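**Student:** can't give you the sequence, but here's the structure:
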């Protein structure tokens, strides 16, 4: 399969994960989850929780905490936790450094943008409204959790491509977690992994690393220029 970032490819859609890519909410979410995990008997710190819980759906985390502690969380734990997230995000939310500038530059390249996340729509509506990014993604946000197919299922990314009318091989996904990267690659899409230079990156075909959001517009611009030149030679 030809990569959407290859000179002979066709880059037509950029799909962003939300948490850890656009919105810096992992710390808040994982801290709240860690509080309940500790109450259940898991001696996990807030710092450890970010690495342990980041990028995972609440349904998975409920099972993980229960298996680790041999305790049964309340039946509606997922809903209760989601509501706690929303209450927090309605008050304040931080963006990943360079988010708005990056989105403006990618939009200026003429590429359509969508979001595919494990977060619920309730959570994302709060995050994007509070951060001021809502107008950039109006009607173009997709929740894997609301689809009942959380990552690493590729369903949310395939849905985003379908709604845009773009083939999966012409999409590039921006992710920060291995779970999300697995979903993107399973969808047949190229994945750009946002990860610092000192952090490990899986050796998976179709995976490209950037260390900061500021690198993304440059990467996409070079790709589009190379593809345009290739098309003119045909």
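**Tutor:** Cool, the structure landed. The structure presented is a predicted model; accordingly, all values stated were derived computationally and were not measured. Numbering: from 1, shown residues only.
**Student:** Which residue ranges of the protein form strands?
**Tutor:** With DSSP state E as the criterion, the chain has strands at 13-16, 113-117, 141-143, 171-175, 190-194, 207-210.
**Student:** Name the surrounding residues that touch the fourth one.
**Tutor:** Residues outside strand 171-175 that contact it (Cβ atoms under 8 Å, 6 or more residues apart in numbering): 4-5, 11-17, 21, 116, 157, 160-161, 180-181, 183-184, 187, 189-194, 216, 220. All C-beta atoms are positioned from the backbone trio N, CA, C, and that covers glycine.
**Student:** which parts of that strand are buried?
**Tutor:** For strand 171-175, the buried set under the neighbour-count rule, 16 or more other Cβ atoms under 10 Å, comprises 171, 172, 173, 174, 175.
**Student:** partner strands of it, parallel or antiparallel?
**Tutor:** Sheet pairing of strand 171-175 (DSSP bridges) gives strand 13-16 (parallel), strand 190-194 (parallel).
**Student:** would CSV of the ones you listed with mean neighbour count, mean pLDDT and distance to residue 61 be doable?
**Tutor:** Output for the strands paired with strand 171-175, formatted as CSV (neighbours: other Cβ atoms under 10 Å; pLDDT from 0 to 100; distance: least, Cβ to Cβ, whole Å):
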stretch, mean neighbour count, mean pLDDT, distance to residue 61
strand 13-16, 25, 98, 22
strand 190-194, 25, 97, 22
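**Student:** Tell me the buried residues in the longest helix seen in the chain?
**Tutor:** Looking across the chain with DSSP state H, the single longest helix is helix 215-233. Within helix 215-233, the residues that qualify as buried are 215, 216, 217, 220, 223, 224, 226, 227, counting by 16+ other Cβ under 10 Å.
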